[in-house]
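Peer 1: Here you go, sequence then predicted model.
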Amino acid sequence: MPPLFQTQQFAVRELSEEQIPTLQALFEANPDYFLSVNGLPPGPTEAQREFEELPPSHLSYGARWFAGVFDQADALRGVIILVSDLAAKGVWHTALFFLERSLRGTGAANELHRALEATARKQGAQWLRLGVVAGNLRAERFWSKCGYKEVRTRAHINAAGEAKITNVLVKSLYGGDLRQYLQLVPRDAPNSQLP
Ligand SMILES: CC(C)(COP(=O)(O)OP(=O)(O)OC[C@H]1O[C@@H](n2cnc3c(N)ncnc32)[C@H](O)[C@@H]1OP(=O)(O)O)[C@@H](O)C(=O)NCCC(=O)NCCS
């Protein structure tokens with residue numbers, strides 16, 4: 001399968017269902033993200049659940065890539081779930097960006113994000129969007145350094161029954177402002193009640 005994109009150190013290419021056990025093992029070896037966001041370690045079917053989880057049915061989208069981050073030895077080191085044209089044309093949503101712990105703090109995330117951004121831009125993206133759970137400090141700092149800005153927050157109860165806030169962040173790829181973004185995606189407006 002051709003990679004979705006490639007960087008100096010990594011190839012990011014779609015995972016097949018047969019590779020889900022390898023991803024599950026990666027999740028289980030790096031439970032900190034799940035503990036911080038879900039309040040629980042990854043469940044026994046976490047990777048399969050992520051593999052099957054499509055955007056909510058009331059939102060339109062173009063393509064969805066469930067992609068592994070492979071190093072030069074072809075070992076799986078992370079996962080990126082990307083959706084094009086979510087709710088509006090030109091809005092690309094990162095549903096998950098996850099690297100194993102040994103890659104964090106090495107510049108790998110930045111290298112991968114730059115390539116993601118270039119790929120999205122080449123294919124017509126004008127905005128990048130994602131949700132970060134408040135308190136996932138490393139991720140919050142990383143996205144802010146990448147140039148994302150908050151548009152709205154959403155409250156939810158996580159798998160452990162804890163009240164959490166997700167901050168919806170966006171980044172313009174063409175110098176657009178947040179007002180233009182909200183015209184495109186009214187559901188992301190700060191006081192929106194849209195689902
Ligand atoms: C979120 C995530 C992708 C961010 O990647 P990261 O490598 O941890 O973040 P950074 O690139 O900001 O690196 C963290 C630190 O490493 C250091 N660092 C960054 N680039 C470096 C490089 N090229 N060389 C050496 N050190 C470097 C910096 O000290 C940086 O800290 P700073 O904020 O003071 O600049 C990663 O932590 C991760 O996969 N987390 C688990 C999953 C997750 O939370 N995903 C996000 C969901 S919204």
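Peer 2: Arrived safely, thanks for sending. All values reported here derive from a predicted model rather than from experimental measurement.
Peer 1: so which residue of this protein comes closest to the ligand?
Peer 2: Evaluated by Cβ to the nearest ligand atom, the chain has residue 107 as its residue closest to the ligand, separated by 2.4 Å. Every residue, glycine included, has its C-beta placed from N, CA and C.
Peer 1: Count the residues that sit near that residue.
Peer 2: Counted by other Cβ atoms under 10 Å, the residues lying close to residue 107 total 10.
Peer 1: same question, residue 16
Peer 2: With neighbours defined by other Cβ under 10 Å, the count for residue 16 comes to 11.
Peer 1: Those residues of this protein touching the ligand, which are they?
Peer 2: Counting by Cβ under 6 Å from any ligand atom, the positions of the chain adjacent to the ligand are 33, 97-99, 104-107, 109-110, 130, 132, 136, 138-139, 141-142, 145.
Peer 1: on that earlier part again, where's the residue of the chain closest to the ligand relative to residue 49, distance?
Peer 2: The spacing between residue 107 and residue 49, counted by Cβ to Cβ, to the nearest Å, is 30 Å.
Peer 1: just how off-centre is the longest helix seen in the chain within its chain?
Peer 2: Secondary structure assigned by DSSP state H gives helix 108-122 as the longest helix of the chain. Counting by Cα atoms, centre = their mean, to the nearest Å, helix 108-122 is centred 12 Å from the centre of its parent chain.
Peer 1: again with stretch 187-195
Peer 2: Between the centre of stretch 187-195 and the centre of its host chain there is 20 Å, according to Cα atoms, centre = their mean.
Peer 1: Same question for stretch 170-180.
Peer 2: Averaging C-alpha coordinates over stretch 170-180 and over its chain gives two centres that are 18 Å apart (Cα atoms, centre = their mean).
Peer 1: quick one: buried residues of that stretch?
Peer 2: For stretch 170-180, the neighbour count (16 or more other Cβ atoms under 10 Å) marks 170, 171, 172, 173, 176 as buried.
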